[in-house]
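Chemist: structure for this input, please:
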Amino acid sequence: MKFQVRDKSVKQALVVDDHPILRNGVKDLLQALFPFLTIKASPGSTDLLEVICRRRWAFVVLDINLPGQNGIDIIKQIRVRCPSVAIIVFSHYPEKQYATRSLRAGASAYISKERQPKELVRAVKSVINASPTRECDQPPPLKPTLSNREVQVLSLIVKGMSRKEISQALCIDGKTVSTYRFRLFTKLQVRNNIELLRYAMEERLL
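Modeler: Sure, this is the predicted structure:
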């Protein structure tokens, strides 16, 4: 697959992390895989918002656990001051607790540092290709149709409920919950609960 930045005039991306080894490691990884971009790095100092908003970035990989700063608030401020910047949160905080908050604040993706590097790379590729060029006469893709029960299961999954909790809430057994989850993944073409959450937010199902 060919990857291109949505705006070809944007030639830079930014990695923000206060840990030098991790920051430089992510920077070097992305630079090797996306040679058409110049990957820069920042320790996330107090002027971080100015650093992000004074330039045009293809994306920003942001650790929300920064000394003396609230990462969620930073995302919200970025959305107000420079809304075109795509934010990929890369943090050690548990996805179950912080993914929803980050995405609602305006992040494009949330990746836990406990995941494999390929998950971060996949998120970057998704952001880069988020707005593919479409021919004028090409109809928009059809949205999948979900049953009422599938919508119910979806809404409970994105709230962070476990299979057992969903089973009890809907009075169905655990295997049935797994079946509905599989159907959702198949219909919506997603790979994990974070992508389910993004779909639910985009369709205003939350």
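Chemist: what residues of the helix or strand that contains Arg198 count as buried?
Modeler: Assignment of secondary structure by DSSP states H and E places Arg198 within helix 193-202. By 16 or more other CB atoms under 10 Å, the buried positions in helix 193-202 come out as Asn193, Ile194, Glu195, Leu196, Leu197, Arg198, Tyr199, Ala200. Bear in mind the C-beta positions are built from the backbone N, C-alpha and C, glycine included.
Chemist: before we move on, what about stretch 21-37?
Modeler: Going through stretch 21-37 with 16+ other CB under 10 Å, the ones that come out buried are Arg23, Val26, Lys27, Leu29, Leu30, Gln31, Phe34, Leu37.
Chemist: which residues does the second one contact?
Modeler: By that I understand Val26. Taking CB atoms under 8 Å, 6 or more residues apart in numbering as the criterion, Val26 is in contact with Val15, Asp17, Val61, Phe90, Leu120.
Chemist: partners of the helix or strand harbouring the third one, with directions?
Modeler: Val61 is part of strand 60-62, with elements assigned from DSSP H and E. Based on DSSP bridges, the pairing partners of strand 60-62 within the sheet are strand 12-16 (parallel), strand 87-91 (parallel).
Chemist: and after that strand, which helix or strand comes next?
Modeler: Note on strand 60-62: by DSSP H and E, the next helix or strand toward the C-terminus is strand 65-66.
Chemist: which elements pack onto that following strand?
Modeler: Using 3 or more CB pairs under 8 Å, 6 or more residues apart in numbering; DSSP states H and E as the contact criterion, no helix or strand is in contact with strand 65-66.
Chemist: given it, what are its sheet partners and their directions?
Modeler: Each strand paired with strand 65-66, and its direction, by DSSP bridges: strand 69-70 (antiparallel).
Chemist: and the very next helix or strand once past the partner strand, what's buried?
Modeler: Under the assignment DSSP H and E, the closest C-terminal helix or strand after strand 69-70 is helix 71-81. Residues Gly71, Ile72, Ile74, Ile75, Gln77, Ile78 are the ones in helix 71-81 that count as buried (16+ other CB under 10 Å).
Chemist: could you give the angle of helix 71-81 to strand 87-91?
Modeler: Put simply, helix 71-81 runs at 170 degrees to strand 87-91, going by axes from the mean of the first three to the mean of the last three CA atoms, to 10 degrees.
Chemist: between the buried residues of stretch 21-37, which is closest to Ser162?
Modeler: For the buried residues of stretch 21-37, the minimum distance to Ser162 (CB to CB) is 30.9 Å, reached by Val26.
Chemist: and the helices in the protein, which stretches?
Modeler: For the chain, the helices identified by DSSP state H occupy 20-33, 48-53, 71-81, 95-105, 117-128, 148-157, 163-170, 174-188, 193-202, in order along the chain.
Chemist: so can I have JSON lines of the buried residues of stretch 21-37 showing pLDDT?
Modeler: Formatted as JSON lines, the entries for those read as follows, by pLDDT from 0 to 100:
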{"residue": "Arg23", "pLDDT": "95"}
{"residue": "Val26", "pLDDT": "96"}
{"residue": "Lys27", "pLDDT": "96"}
{"residue": "Leu29", "pLDDT": "95"}
{"residue": "Leu30", "pLDDT": "96"}
{"residue": "Gln31", "pLDDT": "95"}
{"residue": "Phe34", "pLDDT": "94"}
{"residue": "Leu37", "pLDDT": "94"}
